[in-house]
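In: Next comes the sequence, and after it the predicted model I'd like to discuss.
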Amino acid sequence: MAESLPPTRSRIPGSGLAKGLAVTLRTMTRKSVTAQYPDVQPELPPRTRGVIGLFEENCTVCMLCARECPDWCIYIDSHKETIPAATPGGRERSRNVLDRFAIDFSLCMYCGICIEVCPFDALFWSPEFEYAETDIRDLTHERDKLREWMWTVPAPPALDPGAEEPKELAAARKTAEKLAAAQEQEQPSAPEAAGGPPAAGGPSAAGGSSTAGGRPAAGAADTPGQEGPA
Ligand code: SF4
Ligand code: SF4
């Protein structure tokens, strides 16, 4: 038995053309979204994975990043250095000194594992992406270049209002409180010194004693202030 076919729709001649023109008119009236790169730099989110920066001072040459990199594109060379004992009879210590730290961005797949595993916060993402090269060998960035990328790493976002305070801040506050307490212990000597000779003296004597009492106090306030940041 022959199956019945669905009825064919009758087409109005020129309807396709009208539809096409309608699409053209609709898009013509919309705002253009073309990115005018490189004349206008794109606004990238702060967590963009552009390039990796190395903060060398934090690197302890533990080699974790190189070991975990799935592409084996991190090259680290180092040597051991002996640090003499700090006290007589003490023990000598040895530490790793970084000789080479390089990342081959022609192999890197931007997975971010190296940054995640670094226990000392020595690697960071930078949103910079304009480092194309005509020679593939130039895509191996040595430590100096990796260091330069650090200047383009965005500042970390502010903590949530209810977030726990970072350990570093608590440690810094503790040190500041200890300094302030030590300052307070030193200060009582100033009023004692001011209390003796000035009581009998006139304006000039009072002036002298207040100067003598005032200056050390000012000096005491200034000195820790200068020492603090150092
Ligand atoms: S981002 Fe991934 S592939 Fe690139 S260097 Fe780090 S671990 Fe290796
Ligand atoms: S994991 Fe971090 S500290 Fe260890 S070698 Fe890599 S960058 Fe340096």
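Out: Nice, I can see it. Numbering: from 1, shown residues only. Ligands and ions are numbered 1, 2, ... in the order given.

In: Over to residue 37. Which of the three states is it?
Out: What DSSP: H, G, I helix; E, B strand; the rest coil gives for residue 37 is coil.

In: since we're on it, how many residues are nearby?
Out: By other CB atoms under 10 Å, 9 other residues sit near residue 37. Using the backbone N, CA and C atoms, a C-beta is placed for each residue, glycine as well.

In: From ligand 2, how far off is it?
Out: 32 Å (CB to the nearest ligand atom, to the nearest Å).

In: Same question for residue 85.
Out: 25 Å.

In: Run through the residues that contact that residue.
Out: Residue 85 sits next to 91-93 when contact means CB atoms under 8 Å, 6 or more residues apart in numbering.

In: Closest to residue 12 out of the residues you listed?
Out: Distance to residue 12, by CB to CB, is smallest for residue 93 among the contacts of residue 85, at 89.4 Å.

In: Torsion angles phi and psi at the nearest residue to the closest one once chain neighbours are set aside?
Out: The shortest distance from residue 93 to any residue other than its chain neighbours is 4.5 Å, reached at residue 83 (CB to CB, 6 or more residues apart in numbering). Per-residue torsions, residue 83: phi -100, psi 120 (degrees, to the nearest 10).

In: Strands along this structure, start to end?
Out: Along the chain, counting by DSSP state E, strands occupy 51-54, 74-83, 93-104, 123-126, 140-141.

In: what does the domain assignment say about this structure?
Out: Split into domains by automatic domain parsing, the chain comes to 51-152, 167-224.

In: Could you pull up phi and psi at the residue nearest to the spatial centre of the chain?
Out: The centre of the chain sits closest to residue 155, judged by CA atoms, centre = their mean, with a distance of 5.2 Å. Per-residue torsions, residue 155: phi -60, psi 150 (degrees, to the nearest 10).

In: Tell me the spacing between it and residue 46.
Out: 8 Å (CB to CB, to the nearest Å).

In: Poorly predicted segments of this protein, please.
Out: The model of the chain has pLDDT under 70 over residues 1-10, 188-230.

In: need the residues of it near ligand 2, please.
Out: Contact residues (CB under 6 Å from any ligand atom) of the chain with ligand 2: 59-65, 76, 118, 120, 122-123.

In: Drop the exposed ones from these and show what's left.
Out: 59, 61-62, 64-65, 76, 118, 122-123 (16 or more other CB atoms under 10 Å).
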